[in-house]
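> Could you work out the structure for the sequence below:
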Amino acid sequence: MRESAFLALEDGTLFRGTSIGVKGITVGEIVFNTSMTGYQEILTDPSYKNQIITFTYPHIGNTGINNVDNESNQIQVKGIIVHNISLINSNYQNNISLSKYLKQNNIIGIMNIDTRKLTKIIRNTGTQYGCILSDSYTNIDIACKYIKDAINNPEKNIVEKISTKIIYTWTEGTKKKNITKQTKLLFHIIVYDFGLKQNILKLLVDYGCYVTVIPAETPAEQVISLNPDGILLSNGPGDPRSCINIIKNIKILLSTMIPIFGICLGHQLLAIANEAQIIKMKFGHHGSNHPVQNLKTKKVMITTQNHNFTINKNNLPKSIKITHQSLFDKTIQGIKIINKYVFGFQGHPEASPGPNDAEQIFDTFIKYIKHYKKKQYRN
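Numbers count the residues shown, from 1 in each chain. This is a model prediction of the structure:
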């Protein structure tokens with residue numbers, strides 16, 4: 001029989017539900033995700049580091065957990081909030097139930113609460129810190145203390161902590177394309193790991209790239225010495241404004257003509273390095289159903305989103321051109337740096353999880369790399 005659990009919010013709201021995962025106490029920033037599928041990719045996405053995820057879809061876990069859909073080597077979230085977890089796992093790839101997976105990874109969660117009410121609170125008041133307590137640990141005063149401490153002492157350098165500590169290469173593609181040892185990989189891409197999702201690497205290989213992944217604060221001079229054909233600034237967690245050393249390195253890289261592609265956090269860091277401002281959103285974008293419009297072609301693609309910060313449209317530097325915008329709230333979703341092979345995209349174009357519409361963004365990166373290599377050859 002499952003124990004009771006409580007969820008306490010920063011504003012004093014209290015929910016009572018049922019404990020899932022392991023027993024204990026966890027505190028973090030609560031965000032809601034509107035995806036109907038892809039919970040395994042979401043839980044293992046490093047962009048969610050230190051956050052508690054509320055799934056708005058009411059029934060989670062029906063396909064279980066498999067060995068191929070992880071975006072990193074562990075669950076990254078601080079906790080999980082759901083209305084209901086499935087008791088049946090119906091998928092040919094399933095290896096373990098979601099409930100057991102949470103316990104294996106020491107994740108604390110709560111179910112059987114009104115997730116619609118919780119989502120409406122976050123939409124109306126903005127993102128809040130919250131604390132989940134299983135019954136044997138129940139003490140609302142303790143929960144309030146945990147929340148207060150988390151607000152007053154936010155964890156710094158999240159990107160540096162979550163990034164790889166070593167340089168490594170990646171040669172595995174997706175199952176969409178048959179990548180073999182004989183496949184010729186044409187372009188050398190350096191990927192800065194700010195909280196990298198593995199499917200980004202797989203798609204780069206699909207597009208004919210051999211990939212070198214490097215730590216978040218690798219000096220720009222070292223990157224340039226590796227003679228890359230392109231540089232990718234990955235997704236990741238936290239406030240980009242705190243990544244001071246990373247921004248300094250990006251500014252140095254921008255003094256070259258090497259093509260640079262920023263995704264999510266990388267997109268925001270790219271904007272800061274070009275003197276744009278970043279602002280925190282009320283409750284961010286988290287889901288796999290977000291419409292984004294290409295301002296040139298007027299085409300709309302449905303994208304996967306996961307961010308709490310956005311580029312400020314006001315006083316945007318003249319060096320930055322807006323290429324894409326959200327059709328939900330008109331926030332900036334894509335930028336191009338004038339007279340450079342440099343651009344950023346706010347959504348997750350590798351579609352893990354989510355629709356494949358935005359994968360075309362990788363085509364732009366490859367096009368820039370080809371132009372860059374032709375100019376190199378002429379010189």
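
> Could you measure from Pro46 over to Gln76?
5 Å (C-beta to C-beta, to the nearest Å). The way it works is simple: take the backbone N, C-alpha and C, and place the C-beta from them, glycine included.

> hey, what's in contact with both of the two?
162, 237 (C-beta atoms under 8 Å, 6 or more residues apart in numbering).

> contacting residues for the residue most central in space within the chain?
Note on the chain: the residue nearest the mean C-alpha position is Ser47, at 3.5 Å, using C-alpha atoms, centre = their mean. Going by C-beta under 8 Å, 6+ apart, Ser47 touches 76, 195, 197, 235-237, 264-265, 306-307.

> shaky segments in the stretch 151-300 of the chain?
Across the stretch 151-300 of the chain, the ranges flagged by pLDDT under 70 are 175-183.

> Mind doing that once more with 50?
For the stretch 151-300 of the chain, not a single residue meets the criterion pLDDT under 50.

> Show me the helices in the stretch 51-200 of the chain, by range?
98-104, 115-125, 140-152, 158-162, 198-206 (DSSP state H, counting those that start in this stretch).

> just to revisit the earlier point, give me the buried subset of the contacts of Ser47.
Neighbour counting by 16 or more other C-beta atoms under 10 Å classes 76, 195, 197, 235-237, 264-265, 306-307 among the contacts of Ser47 as buried.

> Sitting in strands, which of those residues do you find?
Members of the buried ones among the contacts of Ser47 lying in strands (criterion: DSSP state E): 306-307.

> Take the buried ones among the contacts of Ser47 and write them to a markdown table, including distance to Leu118.
Putting the buried ones among the contacts of Ser47 into a markdown table (distance: C-beta to C-beta, whole Å) gives the following:
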| residue | distance to Leu118 |
| --- | --- |
| Gln76 | 21 |
| Gly195 | 25 |
| Lys197 | 26 |
| Asn235 | 25 |
| Gly236 | 26 |
| Pro237 | 21 |
| Cys264 | 25 |
| Leu265 | 26 |
| Asn306 | 18 |
| His307 | 20 |
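
> which one among the buried ones among the contacts of Ser47 gets closest to Gly344?
Nearest to Gly344 out of those is Cys264 (C-beta to C-beta; 8.7 Å).

> And the closest residue to the closest one other than its chain neighbours, how far from Asn50?
Distances taken as C-beta to C-beta, 6 or more residues apart in numbering put Asn235 closest to Cys264, at 3.7 Å, once the chain neighbours are dropped. In this structure, Asn235 and Asn50 are 15 Å apart, going by C-beta to C-beta.

> Longest helix of the protein, counting residues only.
For the chain, the longest helix by residue count, based on DSSP state H, is helix 361-378.

> Can you spell out which helices and strands pack onto that one?
Applying 3 or more C-beta pairs under 8 Å, 6 or more residues apart in numbering; DSSP states H and E, we find helix 361-378 packed against strand 187-192, strand 230-233, strand 260-263, strand 342-345.

> contacting residues around the residue nearest to Pro240 when sequence neighbours are not counted?
Distances taken as C-beta to C-beta, 6+ apart place Gln268 nearest to Pro240, at 4.2 Å, with adjacent residues excluded. Gln268 sits next to 240, 262, 278, 307, 309-311, 344, 346 when contact means C-beta under 8 Å, 6+ apart.

> Can you list the neighbours in contact with stretch 146-158?
By C-beta under 8 Å, 6+ apart, the surrounding residues in contact with stretch 146-158 are 8-10, 25, 27-29, 49-50, 129-131, 195, 236-238, 242.

> Show me the strands in the stretch 201-350 of the chain, by range?
Remark: strands assigned in the stretch 201-350 of the chain by DSSP state E, counting those that start in this stretch are 209-214, 230-233, 260-263, 278-294, 300-311, 320-326, 332-337, 342-345.

> Adding mean neighbour count and distance to Ser4, write the helices of the stretch 51-200 of the chain out as TSV.
Below are the helices of the stretch 51-200 of the chain laid out as TSV (neighbours: other C-beta atoms under 10 Å; distance: least, C-beta to C-beta, whole Å):
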stretch	mean neighbour count	distance to Ser4
helix 98-104	19	16
helix 115-125	16	17
helix 140-152	15	13
helix 158-162	20	32
helix 198-206	22	37
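
> Of all these, which one comes closest to Asn33?
Of all those, it is helix 115-125 that lies closest to Asn33, at 9.8 Å by C-beta to C-beta.

> Show the average pLDDT along the closest one.
Helix 115-125 carries an average pLDDT of 97.

> Report the residue ranges of every domain in this structure.
Domain assignment of the chain by automatic domain parsing yields the ranges 4-155, 159-378.

> mind checking how far the shortest one is from the chain centre?
Which is domain 4-155. 16 Å (C-alpha atoms, centre = their mean, to the nearest Å).

> Does Asn94 touch Val68 like I think?
No. Counting by C-beta atoms under 8 Å, Val68 is not a contact partner of Asn94; they are 11.1 Å apart.

> Which one of the two is surrounded by more residues?
The neighbour count for Asn94 versus Val68, taken as other C-beta atoms under 10 Å, is higher for Asn94 (16 against 9).

> Against Lys318, how distant is the residue nearest to Cys264?
Asn235 is 27 Å from Lys318, by C-beta to C-beta.

> same thing with Asn152?
39 Å.

> Include distance to Ile80 when you put the strands of the stretch 201-350 of the chain into JSON lines, please.
Listed next are those as JSON lines, based on distance: least, C-beta to C-beta, whole Å:
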{"stretch": "strand 209-214", "distance to Ile80": "28"}
{"stretch": "strand 230-233", "distance to Ile80": "29"}
{"stretch": "strand 260-263", "distance to Ile80": "25"}
{"stretch": "strand 278-294", "distance to Ile80": "13"}
{"stretch": "strand 300-311", "distance to Ile80": "15"}
{"stretch": "strand 320-326", "distance to Ile80": "26"}
{"stretch": "strand 332-337", "distance to Ile80": "27"}
{"stretch": "strand 342-345", "distance to Ile80": "28"}
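
> Alright, that wraps it up for me.
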